[in-house]
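# sequence and predicted model, in that order:
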Amino acid sequence: MLLETDGLVIREKPVGENDRLVTILTRHDGVMRAFARHAKRFKDKKNPGTGLLCYSRFVIFRGRENNQINEAQVQEVFFGLRGEIEALSLAQYFCELAEVVAPEGTESEEALRLLLNALYFLSRKARPRLLLKAVTEMRLLALSGYMPDLVGCRRCGTYESPHMAFLPRSGQICCETCFHTPEEGKEPAVWLTPGAMMGLRHTIYAEFQKLFAFTLPPEEQKQLAKAAEQYMFQVMQRSFDTLQFYHTVAGEEG
């Protein structure tokens, strides 16, 4: 059975001297793994389109035991990521996270669209990296069924507070007043200013066309990034090597 699909290569593994095993985030079939025979040969037509972070149009033969890529036509390679280790490491983290949370064999158009846009802005330095990271983490988790409740304080329902506590363990928020009552205050919290709280809500509730169209001052970017990463840790119950490497090259605390 032949499948024609576009997709983003989110992992590439060499097999032998000439072949590649690639993991692709496809538009309609989720995460798919396929062999690309002879793709490591420079002259092979599949070589450019099966590399990591390549967005390509694929023709894939789906077999009983494995899939094989017959054709791979490059659509976008995100050249701006190739020469800067910090941007490249963040892009690789996005791919690793997507590989874990995106489903196999089901519709993944929104997840693919999210990654393509994040890589586009990242490669062109068109958005702050902390914002891109927070948006990608939160939206990927929400698309995968891990939707936090950010509408109002979980006790009194208030929408705004001078400082709002985001509770990564439960995916809820709590106003400053309620957090300091005896019943609350036991769950680890990330404190957010109104601007950072607005940004966190935006990552979840904004229409896709407006998802990347916001900005925050540097300090609030850090608050948002911390909230998103802590939520990811709580949901996934693990870290990622690519994330740790990104923090190392970016000079940030993980």
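Here it is on my side, so go on.

# hey, let's count contacts and neighbours off CA atoms from now on
Will do.

# so which bits of the longest helix seen in the chain are buried?
Counting by DSSP state H, the longest helix found in the chain is helix 218-236. For helix 218-236, the buried set under the neighbour-count rule, 16 or more other Cα atoms under 10 Å, comprises 220-232.

# then stretch 114-128?
Across stretch 114-128, burial judged by 16+ other Cα under 10 Å covers 114, 115, 116, 118, 119, 120, 121, 122, 123, 127.

# what about that stretch, distance to the chain center?
11 Å (Cα atoms, centre = their mean, to the nearest Å).

# after the longest helix of the chain, which helix or strand is next? Please name it.
Counting by DSSP states H and E, the next helix or strand C-terminal to helix 218-236 is helix 241-250.

# now the angle from that next one to helix 218-236?
160 degrees (axes from the mean of the first three to the mean of the last three Cα atoms, to 10 degrees).

# so what does helix 241-250 touch, helix or strand wise?
Applying 3 or more Cα pairs under 8 Å, 6 or more residues apart in numbering; DSSP states H and E, one finds that helix 241-250 makes contact with helix 85-101.

# export the helix it packs on to CSV, keeping only CA atoms.
The C-alpha trace of helix 85-101 is given here as CSV (Å, rounded to 0.1, in the frame of the first residue of the first chain):
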residue,chain,number,x,y,z
ILE,A,85,23.6,25.5,18.2
GLU,A,86,21.1,27.1,20.6
ALA,A,87,18.3,27.4,18.0
LEU,A,88,19.1,23.9,16.7
SER,A,89,19.0,22.4,20.2
LEU,A,90,15.6,24.0,20.9
ALA,A,91,14.3,22.7,17.6
GLN,A,92,15.5,19.2,18.5
TYR,A,93,13.7,19.4,21.8
PHE,A,94,10.5,20.4,20.1
CYS,A,95,10.8,17.3,17.9
GLU,A,96,11.6,15.0,20.8
LEU,A,97,8.6,16.2,22.7
ALA,A,98,6.3,15.9,19.7
GLU,A,99,7.5,12.3,19.2
VAL,A,100,6.4,11.4,22.7
VAL,A,101,3.1,13.2,22.9
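
# from the contact counts, what lies against that helix?
strand 2-15, helix 109-123, helix 129-143, helix 241-250.

# from residue 165, how far out is residue 28?
37 Å (Cα to Cα, to the nearest Å).

# got the domain boundaries for the chain?
For the chain, the structural domains run 2-76, 79-147+192-250, going by automatic domain parsing.

# comparing those, which gets the lowest mean pLDDT score?
Note on those: lowest mean pLDDT is at domain 2-76, with a mean of 89.

# can you give me the end-to-end span of it?
23 Å.

# equivalent analysis for stretch 41-58, please.
Using Cα to Cα, the end-to-end distance of stretch 41-58 comes to 18 Å.

# next, give phi and psi for residue 181.
When quoted as degrees, to the nearest 10, the phi and psi of residue 181 stand at phi -80, psi 160.
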